[in-house]
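In: Quick one: sequence plus predicted model below, questions after.
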Amino acid sequence: MPHYHKLGNVPHKRHTQFRKPDGTLYSEQLFSTEGFSSNSTLLYHCHPPTEIMKVDEPYSVAPKVAEEKMLKHRSFQGFSIQPEDDFLQSRKPVLVNNDCHIVLAAPRQSMTDYFYKNADADELIFIHEGAGVLHTQYGQLSFGYGDYLQIPRGTIYQMKFTGADNRLFIVESFSPIRYPKRYLSQYGQLLEHAPYCERDIRQPQNLETIDEAGDFLIRIKKKGVMYPIHYAHHPFDVVGWDGYEYPFAFSIHDFEPITGRVHQPPPVHQTFEAHNFVVCSFCPRLYDYHPQAIPAPYNHSNIDSDEVLYYVDGDFMSRKHVTRGMITLHPGGIPHGPHPGAVEKSIGAKETKELAVMVDTFHPLQITEEALGIEDEAYTMSWKS
């Protein structure tokens, strides 16, 4: 999805001899998440990225589904997920289906004694609280409040946090996460009507080549199982790379809302898309300016999709008792809309300061045991006058 980028040193032609100062060859690696038929990157390692020393016993990290089928509005208090020291242990899947997993995490500590690779899914990590640096074989990405980190599947990384108070909203996608097609020219450039452009995309920087031998543990997730695999050389031994497939950062604060005289439908907030779901950003914006406009969203029927809204900050005039980190799930099959009194109250309002991330899935989501532990059971009946 990103555009061409290069860091470090690469040979003049791909798949040709590229030698170290001592005359030995660097090891070339093709990185692509769709075989040889889509975007890819070529990385040049000091050592072959295949030198496995030892494999530990795998263990299950599959979500524990509590409800496979349901049809009622639900709400979950995301900040009730308890912080944990370890990054991977802190990740708690709450809503899942075969297309994506929605995960909450509150890690206290940086990743120091292992690396992580998700071999199944692209990861979209939204930084609600905290800051730090994402370290990868492509270089580094600084992150902070409001950033989306898009990490292609198969990327080896470490999250380094500047403090202990971190809250993450994570979408694991089993298909590539892309810019919406309607934002792109036929040649892949973001068009003038898109709510962000290439200038807003932050690419990896500060490529650090770590040429070290030792015992380097990479925890690799595949099909709900974690495989601890030890390698003989540091995975960040890359001297250079170029291509189109790499992690990047985009701030929700750089999303430019699309507004109109009357209320605009949710697709104007779309930020990313994948197979069978989309991700949207609700950002501070001016309200509709027709003299008879009703700023509150109209009631609408979710027939073909489940709607998940993750509340980040600000005031939400369509909902009562909204808290930071709250998640609402409005399943396909029944309508939903503003809470009682919200429509009349919204008339005359000029702007909103709300900030939220929405995930609309086109197949039903299942609720995990972790989600049931943080559910607000009163939400289902909260439309009752």
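Out: Structure's in. What do you need? Residues are numbered from 1 along each chain as shown.
In: Identify the bridge partners of the residue most central in space within the chain.
Out: Centroid-nearest residue in the chain: residue 124, 1.3 Å away (criterion: Cα atoms, centre = their mean). Applying DSSP bridges to residue 124 gives these bridge partners: residue 150, residue 171.
In: Please name the residues that touch it.
Out: By Cβ atoms under 8 Å, 6 or more residues apart in numbering, residue 124 lies in contact with 148, 149, 150, 151, 170, 171, 173, 177, 272, 279. Placement of C-beta: from N, CA and C, glycine included.
In: The third one - how many residues pack around it?
Out: As a burial measure, the neighbour count of residue 150 was computed by other Cβ atoms under 10 Å and equals 25.
In: The second one too?
Out: Residue 149 has 21 neighbouring residues, counting by other Cβ under 10 Å.
In: pLDDT wise, what is the spatially closest residue to it that is not a sequence neighbour at?
Out: Excluding its sequence neighbours, the residue lying closest to residue 149 (Cβ to Cβ, 6 or more residues apart in numbering) is residue 125, at 4.3 Å. Looking at residue 125, its pLDDT stands at 98.
In: Residue 125 against residue 170, yeah?
Out: Yes: under the criterion of Cβ atoms under 8 Å, residue 125 makes contact with residue 170 at 5.1 Å.
In: Who has more neighbours out of the two?
Out: Neighbours were counted for residue 125 and for residue 170 using other Cβ under 10 Å; residue 125 has more, 24 against 19.
In: show me the contacts for the more buried one.
Out: So residue 125 contacts 148, 149, 151, 168, 169, 170 (Cβ under 8 Å, 6+ apart).
In: Tell me the pLDDT of the fifth one.
Out: Per-residue confidence for residue 169 comes out at a pLDDT of 98.
In: Assign the closest residue to it other than its chain neighbours to helix, strand or coil.
Out: What sits nearest to residue 169 in space, not counting adjacent residues and going by Cβ to Cβ, 6+ apart, is residue 126, at 4.3 Å. Counting by DSSP: H, G, I helix; E, B strand; the rest coil, the backbone at residue 126 sits in strand.
In: So residue 126 versus residue 248, what's the distance?
Out: 14 Å (Cβ to Cβ, to the nearest Å).
In: any chance you could map the strands in the stretch 1-150 of the chain?
Out: Per DSSP state E, counting those that start in this stretch, the stretch 1-150 of the chain carries strands over the ranges 5-8, 27-32, 40-45, 52-55, 59-60, 65-67, 74-77, 92-96, 100-105, 115-118, 122-129, 132-136, 139-143, 147-151.
In: Can you tell me what sits against the fourth one?
Out: Going back to what we said before, that points to strand 52-55. Here strand 52-55 has contacts from 215, 227, 228, 229, 230, 231, 232, using Cβ under 8 Å, 6+ apart.
In: mean confidence score for that strand?
Out: For strand 52-55, the per-residue pLDDT averages 96.
In: Neighbouring strands - and their directions - for it?
Out: Strand pairing for strand 52-55, using DSSP bridges, gives strand 225-233 (antiparallel).
In: does residue 253 count as helix, strand or coil?
Out: Residue 253 is classified as helix under three-state DSSP.
In: so it touches residue 146, yeah?
Out: Yes: counting by Cβ under 8 Å, residue 253 does reach residue 146; the two are 5.0 Å apart.
In: ok, those two, which is more surrounded?
Out: residue 146 (20 against 14).
In: nearest spatial neighbour of that one, skipping sequence neighbours?
Out: Excluding its sequence neighbours, the residue lying closest to residue 146 (Cβ to Cβ, 6+ apart) is residue 252, at 4.5 Å.
In: Tell me where the stretch 151-300 of the chain has strands.
Out: Along the stretch 151-300 of the chain, counting by DSSP E, counting those that start in this stretch, strands occupy 156-161, 167-173, 213-222, 225-233, 238-243, 248-251, 270-274, 277-282, 285-286, 300-301.
In: Count the neighbours of residue 275 for me.
Out: Burial of residue 275 is recorded as 14 neighbouring residues (other Cβ under 10 Å).
In: Count the residues that sit near the closest residue to it other than its chain neighbours.
Out: Among residues not flanking residue 275 along the chain, residue 175 sits closest, at 3.5 Å (Cβ to Cβ, 6+ apart). Counted with other Cβ under 10 Å, the neighbours of residue 175 add up to 17.
In: picking up where we left off before, of all the strands of the stretch 1-150 of the chain, which one is nearest residue 375?
Out: When those are compared by Cβ to Cβ, strand 74-77 sits nearest residue 375, at 5.4 Å.
In: Please point out which parts of the closest one sit buried.
Out: Neighbour-count burial for strand 74-77, counted by 16 or more other Cβ atoms under 10 Å, picks out 74, 75, 76.
In: looking at it, the first one is touching residue 381, isn't it?
Out: So that's residue 74. No: using Cβ under 8 Å, residue 74 is not in contact with residue 381; the gap is 11.7 Å.
In: Dump the buried residues of strand 74-77 to JSON lines, plus distance to residue 97 and pLDDT.
Out: Compiled in JSON lines, the buried residues of strand 74-77 are given as follows (distance: Cβ to Cβ, whole Å; pLDDT from 0 to 100):
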{"residue": "74", "distance to residue 97": "15", "pLDDT": "95"}
{"residue": "75", "distance to residue 97": "19", "pLDDT": "95"}
{"residue": "76", "distance to residue 97": "16", "pLDDT": "97"}
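In: Which positions in stretch 295-307 come out as buried?
Out: In stretch 295-307, the ones that count as buried by 16+ other Cβ under 10 Å are 295, 296, 297, 302, 305, 306, 307.
In: The closest residue to the fifth one other than its chain neighbours: how many residues sit nearby?
Out: With Cβ to Cβ, 6+ apart as the criterion, residue 305 has its nearest non-adjacent residue at 4.7 Å, and that residue is residue 360. Neighbourhood size, residue 360 [other Cβ under 10 Å]: 22.
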